[in-house]
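>>> sequence unknown, structure follows:
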Ligand code: FES
Ligand SMILES: [Fe+2]
C-alpha cells in the first residue's frame with residue numbers, strides 16, 4: 001500500500017460534527033475534496049490570480065509551460081500577497097523584496113541573501129492543483145489524499161453531442177442553502193414569472209451516507225412558458241409535455257439532469273459546486289457547467305445560446321435572491337430557526353452535516369494551514 005493509498009484509507013482528520021447537534025450553517029465544507037476556485041481562462045499565460053477557499057487566500061499562477069500552480073497567498077517574508085507578484089518562468093516572485101517561489105511553494109531565490117545569513121523558512125504552502133472542464137481545481141485538505149480523490153466525472157462535457165455553458169457567481173450564503181434550493185423543487189412559485197406554472201411531482205428519492213438523489217416529474221400547467229426554457233426542455237428537443245428531472249447532491253457536488261418525455265437522453269445536464277469564500281462560510285462561489293444537448297436542427301443551439309444564457313441567469317437571480325434572504329435571516333437570528341418539512345431536504349441536511357467539518361475548530365486552527373505552516377517553518381532550508 002502506497003502512502004497515498006494509506007492516507008486515503010485512514011479516516012479523515014477532518015471528522016464531521018455530531019449530526020444531531022450541529023447547526024448546519026456552522027458546518028464547514030470538507031476540504032478533502034477537489035474544489036474549483038477559478039475559471040481556467042481567467043488564469044492567463046504567465047499571470048497570477050487571487051482565489052480563495054473558506055478564508056484561505058490562494059495565489060494561482062500559470063507558468064511559462066502553461067501549467068497552473070496554487071500557493072498560499074502570502075509571502076513567507078512579510079506576508080504580502082503573492083497574488084500581487086510577478087510570474088517568471090515556473091516561479092512566482094513576490095512584488096516586495098523579490099523572493100521567488102516554485103510551484104510547490106518552496107523558495108527558489110532570495111536575491112539579496114548572502115551565504116551564511118540566517119536561513120529563511122522553506123516557503124509557503126503549495127496546494128495540489130488540476131485543470132479540468134475549463135476550471136482550476138485545488139485540493140485544500142490533506143495533500144496526501146489528493147491523488148486518491150477523484151475529480152468529478154463529467155462524460156457529457158467532452159461529448160460532441162453536448163455544448164457547455166459555464167457559470168461562476170458569488171452568492172452571499174452558506175453553501176448548504178444552495179444544495180437545499182436545487183433539491184427542493186417545490187419552490188417553482190418563485191420562478192412563475194419566468195417559466196410559467198410548473199407542477200413538480202416527487203417520483204421518489206434515495207439517500208445514503210454521502211448523497212441524496214431525487215426524481216421529479218415536471219408538467220407545465222399554465223402561464224406563458226419561456227421559449228428558452230422550451231429549447232432547454234420538452235418543447236424544443238423532446239417534443240413532449242413533461243420532463244423527468246433528477247437532482248443529486250453527491251458530496252460536495254450537485255447535479256441536475258433533465259430528460260424530456262419520449263427522449264432517451266438528457267436535454268441538459270447541470271453540474272455545480274458551491275465553494276465557500278470566507279472563513280465563516282457565509283458566502284460561496286457557485287460554479288456551474290450546463291451541458292446542453294445539441295438539437296437536430298443545425299445552428300439552432302447557436303442562435304438560442306444568448307437566450308438560454310439570459311433565461312438561466314434570470315432563474316439563477318431569483319434563486320440567489322431567496323437564498324441570500326435565508327442567509328440574512330440566519331445572520332439576524334444567530335441560528336437556524338427553519339421549520340423544514342420536506343423529508344428529502346431533511347436528509348440532505350444530514351448528508352451535509354455528516355460529511356462537513358466543524359467550522360470553529362478549523363478557524364481556531366488558523367486561516368490557511370497553521371499546522372502545515374509550523375511544519376514548514378521547522379523545515380529550514382537554504383537558498384538554492
Ligand atoms: S514581503 Fe515578499 S519578499 Fe518581502
Ligand atoms: Fe430555483
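Great, that's in hand. What you are looking at is a predicted structure, and each value in this text was computed from that prediction instead of being measured. Ligands and ions are numbered 1, 2, ... in the order given.
>>> Is the residue of the stretch 201-350 of the chain found nearest ligand 1 in a helix, a strand, or coil?
In the stretch 201-350 of the chain, the residue that lies nearest ligand 1 is residue 279 (22.6 Å; CB to the nearest ligand atom). All C-beta atoms are positioned from the backbone trio N, CA, C, and that covers glycine. Going by DSSP: H, G, I helix; E, B strand; the rest coil, the secondary structure assigned to residue 279 is coil.
>>> I figured it was touching residue 52, is that so?
No: with contact defined as CB atoms under 8 Å, residue 279 does not count as touching residue 52 (9.5 Å).
>>> neighbour-wise, which of those two wins?
Ranked by neighbour count (other CB atoms under 10 Å), residue 279 and residue 52 place residue 52 first, with 20 against 16.
>>> Could you double-check that that one lies in contact with residue 277?
Yes: counting by CB under 8 Å, residue 52 does reach residue 277; the two are 5.1 Å apart.
>>> Tell me what residue 249 is bridged to.
Beta bridges link residue 249 to residue 212, residue 254, judged by DSSP bridges.
>>> Now do the helices in the stretch 251-384 of the chain.
For the stretch 251-384 of the chain, applying DSSP state H, counting those that start in this stretch gives helices covering 300-333, 343-355, 359-364, 370-378.
>>> JSON lines please, covering those and showing mean pLDDT, distance to ligand 1 and mean neighbour count.
Formatted as JSON lines, the helices of the stretch 251-384 of the chain follow (pLDDT from 0 to 100; distance: least, CB to the nearest ligand atom, whole Å; neighbours: other CB atoms under 10 Å):
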{"stretch": "helix 300-333", "mean pLDDT": "94", "distance to ligand 1": "35", "mean neighbour count": "15"}
{"stretch": "helix 343-355", "mean pLDDT": "96", "distance to ligand 1": "37", "mean neighbour count": "20"}
{"stretch": "helix 359-364", "mean pLDDT": "54", "distance to ligand 1": "25", "mean neighbour count": "15"}
{"stretch": "helix 370-378", "mean pLDDT": "31", "distance to ligand 1": "15", "mean neighbour count": "14"}
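>>> Now render these as JSON lines, adding distance to residue 285.
Converted to JSON lines, the helices of the stretch 251-384 of the chain look like this (distance: least, CB to CB, whole Å):
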{"stretch": "helix 300-333", "distance to residue 285": "12"}
{"stretch": "helix 343-355", "distance to residue 285": "17"}
{"stretch": "helix 359-364", "distance to residue 285": "17"}
{"stretch": "helix 370-378", "distance to residue 285": "23"}
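>>> Mutual contacts of residue 279 and residue 52, please.
Shared contacts of residue 279 and residue 52, defined by CB atoms under 8 Å, 6 or more residues apart in numbering, are absent.
>>> Near ligand 1, which residues of this structure are found?
75, 77, 78, 80, 94, 96, 97, 98, 99 (CB under 6 Å from any ligand atom).
>>> Residue 117: neighbour count?
Neighbour tally, residue 117, other CB under 10 Å: 11.
>>> Isn't residue 176 up against residue 23?
No: using CB under 8 Å, residue 176 is not in contact with residue 23, being 10.1 Å away.
>>> neighbour count winner among these two?
Using other CB under 10 Å as the criterion, residue 176 and residue 23 rank with residue 176 on top: 26 against 15.
>>> Would you map out the domains in the protein?
35-149, 162-358 (automatic domain parsing).
>>> And these: which comes nearest residue 29?
Ranking the domains of the chain by their distance to residue 29 (criterion: CB to CB) puts domain 162-358 first, at 5.2 Å.
>>> how long is that closest one from one end to the other?
One end of domain 162-358 to the other measures 39 Å (CA to CA, to the nearest Å).
>>> picking that back up, of the residues of the chain next to ligand 1, grab the buried ones for PyMOL.
Only the buried entries of the residues of the chain next to ligand 1 go into this PyMOL selection, using 16 or more other CB atoms under 10 Å:
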select buried, resi 75+77+80+94+98+99
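>>> Tell me which two in the residues of the chain next to ligand 1 are the farthest apart.
Largest separation among the residues of the chain next to ligand 1 by CB to CB: 78 and 98, giving 12.1 Å.
>>> Quick check: beta-bridge partners of residue 167?
residue 288.
>>> Does it touch residue 286 like I think?
Yes: if you go by CB under 8 Å, residue 167 and residue 286 touch, sitting 6.8 Å apart.
>>> More neighbours: which of those two?
More crowded of residue 167 and residue 286, by other CB under 10 Å: residue 286, with 22 against 16.
>>> if I read this right, the more buried one contacts residue 181, doesn't it?
No: using CB under 8 Å as the test, residue 286 is too far from residue 181 to be in contact (10.3 Å).
>>> Quick check: the most centrally placed residue in the chain vs residue 49, distance?
Compute the mean C-alpha point of the chain, and by CA atoms, centre = their mean the closest residue is residue 273, 3.2 Å away. To residue 49, residue 273 is 18 Å away according to CB to CB, to the nearest Å.
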